[in-house]
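A.B. asks: What follows is a predicted protein model with its sequence.
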Amino acid sequence: MEIKEFYTPETLEEAISILSLAPEQSRVVAGGTDLLPQFRRGEIRADFLIDLTRVDELKFIAEDEKHVRIGSGTTVQELAEADLIKKWFRVLAEAAASLGSLQVRNRGTIGGNLGRSSPAADCVCALVALNAMLVLKSREGQRDVLVRDFLVGPGRNVARPDEIITEIAIRKPQGPCGSKFIKIGGRKALVLAIVSAGAYLEVGQGGEIDQCGLGLGSAGPKTVWPEAVPDLLIGKVLNRATLEAVIEKVGEAASPISDVRGSAEYRKAMVPVLARRALLAAACEAGIEVV
């Protein structure tokens, strides 16, 4: 690992300014739990590292009238413990709590988890289910991008080299809601997901589904968003028939690979199982009886 310069800005403006000088030769580091091991293994290279750990304006969990906003410098453990996240978005709190070890969660950040863009990333799976939006900032201005549209493939996303992820915004529910994160791993802790699923349901005044989302981890080259799910659920009452129609489409959306953690065939078989469990758990929390 050969780094020419290591910068520790204390403001976002300073970090963006430094990055703009040589974006193609620079890397932004947050917790460094993934990036630094990649450097040591020679998988990535950069002349300049910009460490964001002193940029306090990126560390927050707050709410306004319509959204819960999360600074990209918020640690994964802070997400797992935050009462505001547990109140509105259990799926994200559960995903955060399942990520790595306590040491990794205390160091790793939600911005870093997004920037890494792993198809197995637990928090990303939950954010896709929640229809979350992220904010990218550079000297050129600001871009708002849906998390599901931010992802391109394994380790790839739409961020330009001069952009920094600054926050994530999640719409607050307007009615009863429920969510759930489930994953299968090779052991009970400290494991990347063989398959994971995050589900979110929000109920309208008439008992119909008003908003919904589903994210599938390790089920394709990026976190999978089954596009047919909202069309099948929104405006309808969730019952066994609609649930089975959804699960059929979920199975069709999955295109997993085989690796050291599991075969494509096993993943393909387990995706509908986890999706059904997550949706039923979310429905139960939202007060929906699926009959």
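C.D. replies: That came in fine, so what should we check first? Numbering: from 1, shown residues only.

A.B. asks: Could you pull up the residues touching the spatially most central residue of the chain?
C.D. replies: The chain has residue 124 as the residue nearest its centroid, 1.4 Å off, counting by C-alpha atoms, centre = their mean. Applying C-beta atoms under 8 Å, 6 or more residues apart in numbering, we find residue 124 in contact with 113, 114, 117, 118, 147, 151, 215, 217, 223. C-beta here means a position set from N, CA and C on the backbone, and glycine is covered the same way.

A.B. asks: and the one helix or strand it maps to, what's its mean pLDDT?
C.D. replies: Following DSSP states H and E, one finds residue 124 within helix 122-129. Average pLDDT, helix 122-129: 96.

A.B. asks: just stretch 21-41 next, same as before
C.D. replies: 80.

A.B. asks: in it, what counts as buried?
C.D. replies: 23, 26-35, 38-39 (16 or more other C-beta atoms under 10 Å).

A.B. asks: remind me which residues of this structure are low pLDDT?
C.D. replies: The model of the chain has pLDDT under 70 over residues 1-2, 186-190.

A.B. asks: can I see the domain layout of it?
C.D. replies: Domains of the chain are assigned by automatic domain parsing as 5-51, 56-171, 177-285.

A.B. asks: Export those domains as JSON lines, with columns for distance to residue 291.
C.D. replies: Formatted as JSON lines, these follow (distance: least, C-beta to C-beta, whole Å):
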{"stretch": "domain 5-51", "distance to residue 291": "44"}
{"stretch": "domain 56-171", "distance to residue 291": "23"}
{"stretch": "domain 177-285", "distance to residue 291": "6"}
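
A.B. asks: now the angle from the helix or strand where residue 214 lies to helix 122-129?
C.D. replies: If you go by DSSP H and E, residue 214 is part of strand 209-217. For strand 209-217 against helix 122-129, the angle between stretch directions is 150 degrees (axes from the mean of the first three to the mean of the last three C-alpha atoms, to 10 degrees).

A.B. asks: Strand 209-217 packs against which elements?
C.D. replies: helix 122-129, strand 195-203, helix 228-233, helix 240-253, helix 264-285 (3 or more C-beta pairs under 8 Å, 6 or more residues apart in numbering; DSSP states H and E).

A.B. asks: can you state the direction angle for the fourth one and strand 195-203?
C.D. replies: Translated: helix 240-253. Using the same axes, to 10 degrees, helix 240-253 lies at 140 degrees relative to strand 195-203.
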